[in-house]
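**Q** Fold the stuff below for me.
(one chain, ligands or ions: 1)
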Amino acid sequence: MLAREEKIKNTDEPLARLDGGADPLIAGAPSLTLARYAVAAVLIGAVASMMALGVLLPEASVRTVGPLLLFLIAALAWYPLSRGKIKTAVCVLTFGVWAVMTGIAVFAGGVRAPVVIIYPVLILMSGWLLNARVAMLLTAMTVLTTVGLFLAESWGFLPPPLASPVVIYFGDQILMYLLSAALVVFVLRAYQNRLRELRQASSDLEHRTLALQERKAELHRAQAVAKVGSWVYDIAQETMSLSAEACRIFGLAEGSSVSLATYLSQVHPADRNELEHAWQRALQGDAIDHTHRILVGKTVRWVRQKAESGFAPDGLKRRAVGITQDITELKEAQAALQESEERYRTMIEWTPESILVHRMGKILYANPAAIKLFGAPDAASLLRKSTSELIHPDDLKSQTERMKSISNHVPITPMVAARFLKLDGRVIDVEVQGTAIIYDGEPAIHVCIRDISTRKQMEDQIRQLAFFDHLTLLPNRRLLTDRLSQAVAASKRSSCFAALLFLDLDNFKPLNDQHGHAVGDLLLMEAAARLMNCVRGVDTVARFGGDEFVVLLTELDARHAESTEQAAIVAEKIRTSLSIPYQLTVKTKEQVATRIEHHCTISVGAVVFRGPESDPDDVLKWADTAMYQAKQAGRNSIRFYASTEQATGHRS
Ligand SMILES: Nc1nc2c(ncn2[C@@H]2O[C@H](COP(=O)(O)OP(=O)(O)OP(=O)(O)O)[C@@H](O)[C@H]2O)c(=O)[nH]1
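**A** Numbers count the residues shown, from 1 in each chain. Next up, the predicted model:
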């Protein structure tokens, strides 16, 4: 098909216009093959004639001029033919042959020359292969020539005809008949080829029409799926032709076309002016890319118009070609997203919880609560920091791993306690919870930080109250019981003995009675401090209650005697230390502070024990019994619980 289109393009224009500008294919342009046959036939005929004349009439070389001219004409026609200019070639051939034949007729007897038989054939061929005008022209030329030959002969202007043997007449006539027959065959074949080509062209046209319809349907489907319509605006006519999807978007019946004024009246009043300006710019050659609202019934639709103005393919009409995209859903989604982002922003701006957003450790956002929590003067000074600068070094590894897990969407404990650092370096106890989010279009981590410093302090206080004596800050009876159980269990494992010293201040009550409870408290605190100085770090000094203290000595010797000796040494050290006079500051009734010296001693009951022979209750009871014995013995003394009773398990 393309090859044929190419051939048609190459056919010379002036000749094509001789038939009134009709499609040369349909007007019967000769095919390249047939034209070649015709030229070849003339060439071969000319050569054959020259050869025949050379053989039959070697002495009459002048007779070969005719065939020689025919040969030249054919050679001349071959040149345009080789360049695809078929009609020019046929023209050269027809008129050339006509001219040569006329020349021969002049020397061969005028209107009686045998060659005149070729004229009708040439007229027919020119009419068929070229067009009616050429045939008419050739006919007129032939009639005039015939009249001319007749008059020339009548007036005796014609040269005497060459004396020709009969064989020449015979040969000429046979050649003319053959040539005529060949031309008629060419014409018929050209006609048949033309018909075949027309049928082929018709079938091609049908296929092209079908393909075009399919493409049009596909385009409609694609436009409907993409919600993109197209239009062409004829600037002179001021009419906009719309595709089916464009009609749907504008709420018009399929196949509608609208004027610019009608379209503008459909545009939302708030957007109309701006669109009109854009349209004017487009008419001056600018491209339009404009988003505006249109009113379709009672609904508002968002559309994006993209267009360019220019000339139609005919190069005459000015027009604008554009597409219309229905972006209502996109706009609604954008509005919803914006609303949700604003809500999120407001929420995190006002929440009392501290929130940071970071990507790969770089802080991107900090809410006011976070700025306050980290003691930053403003958001910018916090944004300059990396997360690693805000995390306590001890927790950095675990926090970094958590961030990695969050980024990789690996499940983790939602909230953990950690220590963070304020910008001034102070430590804050916090609970952190991280979530993977998309921030500014890229993955990031949203961290929620809760300051639990106050809660931690309160917990510590509660712990202190639950397990420590508030006056002396020593472990209380509950914690002592726990440590004693641990000591029993440890001694069972290690086979080493432990010792428990039960201490009771002697004659403490009179101090309270004489100087008041506050002074008694001072003594109790001083006694506690002295006790702490008498023992190792692994030992426990507890306030059992009132003026009673307990000292638990662990990890003594594996032998009972040695352990008893070690415990006795510590007990003696304690007894000595606590009997040193106490310097206490007393306030008189008049609130005047005076220092008094108070002498106080202690009675110590001691027991050396080891699991599993002893249990915590027994040990306490045995030490208490021994302490009672020390009191009985006159106070300020140390008594060990009898080991025989321990060994036999006697507990009375
Ligand atoms: N200042 C003060 N006194 C307390 C506290 N707890 C108990 N006491 C007093 O401690 C005293 C203990 O009395 P006791 O041990 O029976 O009497 P004591 O005078 O030490 O006599 P002995 O123990 O027999 O030598 C009581 O007067 C209690 O009121 C306390 O927390 N502070």
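**Q** can we go C-alpha only for contacts and neighbour counts from here?
**A** Fine.
**Q** domains of the protein?
**A** Domain ranges of the chain: 2-199, 227-333, 351-456, 468-648, per automatic domain parsing.
**Q** buried residues in stretch 290-302?
**A** For stretch 290-302, the neighbour count (16 or more other C-alpha atoms under 10 Å) marks 290-296, 301-302 as buried.
**Q** export the domains of the chain to CSV and tack on distance to residue 212 and mean pLDDT?
**A** Listed next are these as CSV, based on distance: least, C-alpha to C-alpha, whole Å; pLDDT from 0 to 100:
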stretch, distance to residue 212, mean pLDDT
domain 2-199, 17, 77
domain 227-333, 15, 88
domain 351-456, 43, 92
domain 468-648, 95, 92
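**Q** The stretch 201-350 of the chain: helices as residue ranges?
**A** 244-250, 260-266, 269-283, 328-350 (DSSP state H, counting those that start in this stretch).
**Q** Nearest approach to the ligand belongs to which of these?
**A** Closest to the ligand of these, according to C-alpha to the nearest ligand atom: helix 328-350, at 49.3 Å.
**Q** And the helix or strand just after the closest one, how far out from the chain middle?
**A** Using DSSP states H and E, the helix or strand that follows helix 328-350 towards the C-terminus is strand 354-359. Taking C-alpha atoms, centre = their mean, to the nearest Å, one finds the center of strand 354-359 at 24 Å from the center of the full chain.
**Q** Contacts only, for residue 419.
**A** Residues near residue 419 by C-alpha atoms under 8 Å, 6 or more residues apart in numbering: 391-392, 395, 427-430.
**Q** What of residue 373?
**A** Residue 373 makes contact with 354, 422, 451 under the criterion C-alpha under 8 Å, 6+ apart.
**Q** Closest to the ligand out of those?
**A** For these, the minimum distance to the ligand (C-alpha to the nearest ligand atom) is 36.6 Å, reached by residue 451.
**Q** so the closest one bridges to which residues?
**A** On the basis of DSSP bridges, residue 451 is bridged to residue 430.
**Q** And the residue nearest the centre of the chain, how close does it get to residue 235?
**A** For the chain, residue 441 is the residue whose C-alpha lies nearest the centre (C-alpha atoms, centre = their mean; 9.2 Å). Between residue 441 and residue 235 the distance is 43 Å, computed by C-alpha to C-alpha, to the nearest Å.
**Q** And for residue 366?
**A** The gap separating residue 366 from residue 235 is 56 Å, by C-alpha to C-alpha.
**Q** Then residue 556?
**A** In this view, residue 556 and residue 235 are 110 Å apart by C-alpha to C-alpha.
**Q** So the two - more neighbours on which side?
**A** residue 556 (22 against 18; other C-alpha atoms under 10 Å).
**Q** Quick one: residues contacting that one.
**A** Applying C-alpha under 8 Å, 6+ apart to residue 556 gives the contacts 496-499, 563, 566.
**Q** Helix or strand for it, just tell me which one.
**A** Using DSSP H and E, residue 556 falls within no helix or strand.
**Q** how close does it get to residue 230?
**A** When distance is defined by C-alpha to C-alpha, residue 556 is 98 Å away from residue 230.
**Q** Could you do residue 215 as well?
**A** Distance from residue 215 to residue 230, counting by C-alpha to C-alpha: 15 Å.
**Q** Comparing these two, which residue is more hemmed in?
**A** A count of neighbours by other C-alpha under 10 Å puts residue 230 above the other of residue 215 and residue 230, at 21 against 12.
**Q** Which strand residues bridge the residue of the stretch 151-300 of the chain found nearest the ligand?
**A** Proximity to the ligand, evaluated over the stretch 151-300 of the chain using C-alpha to the nearest ligand atom, is greatest for residue 300 at 82.9 Å. Taking DSSP bridges as the rule, residue 300 bridges to residue 295.
**Q** can I assume it is in contact with residue 293?
**A** Yes - judged on C-alpha atoms under 8 Å, residue 300 makes contact with residue 293 at a distance of 6.4 Å.
**Q** Near the ligand, which residues of the stretch 401-550 of the chain are found?
**A** Residues of the stretch 401-550 of the chain lying near the ligand by C-alpha under 6 Å from any ligand atom: 505-510, 512, 517-518, 520-521, 546-547.
**Q** Quick check on those: which are buried?
**A** Counted by 16+ other C-alpha under 10 Å, those give 505-506, 508, 520-521, 547 as buried.
**Q** Farthest-apart pair in these, please.
**A** 506 and 521 (14.8 Å; C-alpha to C-alpha).
**Q** returning to that earlier point: type out the ChimeraX command that picks the buried ones from the contacts of residue 419.
**A** Selection of buried members from the contacts of residue 419 for ChimeraX, criterion 16+ other C-alpha under 10 Å:
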select :391,392,427,428,429,430
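**Q** Can you lay out the contacts of residue 419 as TSV showing secondary structure?
**A** Converted to TSV, these look like this (DSSP: H, G, I helix; E, B strand; the rest coil):
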residue	secondary structure
391	strand
392	coil
395	helix
427	strand
428	strand
429	strand
430	strand
